[in-house]
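[1] pasting the structure only:
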Ligand SMILES: Nc1ncnc2c1ncn2[C@@H]1O[C@H](COP(=O)(O)OP(=O)(O)OP(=O)(O)O)[C@@H](O)[C@H]1O
């Protein structure tokens, strides 16, 4: 199943104008949330895709600990414990390179995201964290290197819709809601547009999904009537809602780009707990297990790292320079990690 830009069911080609639905009409016409994305001015960038056939034999154990070898000069990584098999790998980036014009952003990034993982990508500003998320989501193509989705090499951006088996959703930092649509219409957008579910059933599902992210009675509000934290929760609801009438529900990986940026500490905690609660290892506000198989969070916030992430990938100058479990982050002897963790001006990271 192809995924989206902000929701797992987003159509392959992005909307160039406000959504025009046969089931609902926007109240005004300034609504394309995809123009709000941090770097993209061209809506045609918002094609998406990903997937590969289902593979059985998932290992649902936590990921193994991988730690940095302590050498900041070589910035080499050593894997302390290898997985015996890769049958639980949902996404793999292998030696990914990306430049924008003359500017080299990613310089050979490799990592795997496994079934059940909660992974964070951290590192200094401009080091390519959002870029790698967009490459995973299929919004950008790497210049070199490959992305494998459940063991299958992704061939392109929108060309992958014939393969299925994993949904990948990207939750943008800006929440990227359609301004002219109500919360109900935003959350149910793709079900209204692309499913055969009856409207009543969609409405019920929207209500349930909003309740799962702790929002009740806001269905008919416009995004402008919500706080920043509420918008992020609506965006999260839109990402996790899915067509429950389908025979099989595919596993889903959610990619969060700075989900707590701009929020006060308490609102951040709410969002961090929500991210945990919609994961398969969590429980939502209604006490039900979440349906997000694995997730990846790009963040700068210590609270988010501590509260919502189990394993960290540290990117610096377009390379993976450290990876390890979250509890290893603050005790790492790697000077890059130490400087970043302490916020010191002295160290290898220069601005
Ligand atoms: N579509 C694009 N066109 C041109 N340059 C881009 C584009 N997307 C990203 N960049 C540039 O690539 C670099 C990396 O951007 P990216 O957003 O991936 O960094 P980041 O690590 O997420 O940064 P931050 O932590 O500040 O959000 C930046 O210099 C950015 O300006």
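    Yep, it's here. These figures come from a predicted structure and were not determined experimentally.

[2] Provide the count of other residues in contact range of the residue nearest to residue 290 when sequence neighbours are not counted.
    Nearest residue to residue 290, sequence neighbours excluded (Cβ to Cβ, 6 or more residues apart in numbering): residue 278, at 3.8 Å. For every residue, glycine as well, the C-beta is placed using N, CA and C. Residues near residue 278, counting by other Cβ atoms under 10 Å, number 26.

[3] Could I get the contacting residues of residue 278?
    212, 213, 236, 240, 254, 284, 290, 291, 292 (Cβ atoms under 8 Å, 6 or more residues apart in numbering).

[4] out of those, which are inside strands?
    residue 254 (DSSP state E).

[5] pLDDT check: weakest of the contacts of residue 278?
    Across these, the smallest pLDDT goes to residue 284, namely 71.

[6] Now do it against residue 310, distance only.
    Distance, residue 284 to residue 310, by Cβ to Cβ, to the nearest Å: 19 Å.

[7] The two: which is more packed in?
    Using other Cβ under 10 Å as the criterion, residue 284 and residue 310 rank with residue 284 on top: 21 against 18.

[8] which non-adjacent residue is nearest the more buried one?
    residue 212 is the one closest to residue 284 (Cβ to Cβ, 6+ apart), at 4.0 Å.

[9] in this structure, which residue is closest to the centre?
    Centroid-nearest residue in the chain: residue 255, 0.6 Å away (criterion: Cα atoms, centre = their mean).

[10] residues contacting it?
    Residue 255 neighbours (Cβ under 8 Å, 6+ apart): 133, 136, 137, 168, 169, 170, 171, 295, 296, 298.

[11] Narrow these to those in helices?
    Using DSSP state H, 133, 136, 137 are the members of the contacts of residue 255 that sit in helices.

[12] Closest one of those to the ligand?
    Using Cβ to the nearest ligand atom, residue 133 is the member of the ones in helices among the contacts of residue 255 that lies nearest the ligand, at 7.9 Å.

[13] rewinding a little: what number of residues lie near the residue nearest to residue 284?
    So residue 212, with other Cβ under 10 Å, has 24 neighbours.

[14] Near the ligand, which residues of this structure? Just list them.
    39, 40, 100, 105, 125, 126, 127, 128, 129, 130, 131 (Cβ under 6 Å from any ligand atom).

[15] Look up how far residue 333 lies from the residue nearest to residue 284.
    In terms of Cβ to Cβ, residue 212 sits 41 Å off from residue 333.

[16] Excluding chain neighbours, give the residue nearest to residue 274 in space.
    In space, residue 274 is closest to residue 213, 5.5 Å off (Cβ to Cβ, 6+ apart).

[17] Wait, the one you found touches residue 236, no?
    Yes: the pair residue 213 / residue 236 is scored as a contact, 5.3 Å apart, by Cβ atoms under 8 Å.

[18] Now list whatever residues contact both of these two.
    What both residue 213 and residue 236 touch, as defined by Cβ under 8 Å, 6+ apart, is the set 274, 278.

[19] Same drill for the two, tell me which one is more crowded.
    Each of residue 213 and residue 236 has its neighbours counted (other Cβ under 10 Å); residue 236 has more, 29 against 25.

[20] got the contact list for the more buried one?
    By Cβ under 8 Å, 6+ apart, the neighbours of residue 236 are 171, 213, 259, 271, 274, 275, 278.

[21] Against residue 231, how distant is the residue lying closest to residue 295 once chain neighbours are set aside?
    Leaving aside its sequence neighbours, residue 295 sits nearest to residue 254 (Cβ to Cβ, 6+ apart; 4.5 Å). As judged by Cβ to Cβ, residue 254 and residue 231 stand 17 Å apart.

[22] Need the contact partners of stretch 96-108.
    Counting by Cβ under 8 Å, 6+ apart, 95, 109-110, 127-128, 131-132, 135, 140, 142-147, 317-319 sit against stretch 96-108.

[23] Give me the buried entries from these.
    Buried subset of these (neighbour count, 16 or more other Cβ atoms under 10 Å): 109, 127-128, 131-132, 135, 140, 142, 145, 147, 317-319.

[24] How far off centre is stretch 139-159?
    16 Å (Cα atoms, centre = their mean, to the nearest Å).

[25] hang on, I meant stretch 171-179
    For stretch 171-179, the distance to the chain centre is 13 Å (Cα atoms, centre = their mean).

[26] Same question for stretch 179-197.
    20 Å.

[27] What residues sit buried inside that stretch?
    Quick answer for stretch 179-197 (16+ other Cβ under 10 Å): 179-193, 195, 197.

[28] Stretch 265-283 now?
    So stretch 265-283, judged by 16+ other Cβ under 10 Å, has buried residues 267-272, 274-282.

[29] Farthest-apart pair in those, please.
    Farthest apart among those by Cβ to Cβ are 267 and 280. That separation is 24.6 Å.

[30] With adjacent residues omitted, what lies nearest to residue 326?
    residue 309 (5.3 Å).

[31] where does that neighbour land on pLDDT?
    pLDDT, residue 309: 96.

[32] what distance separates the start and the end of stretch 221-233?
    Terminal residues of stretch 221-233 lie 14 Å apart, using Cα to Cα, to the nearest Å.

[33] Give me the contacts around it.
    By Cβ under 8 Å, 6+ apart, stretch 221-233 touches 27, 171, 175, 177-183, 186, 213-215, 218, 234, 259-260, 262-264, 267, 270-271, 274.
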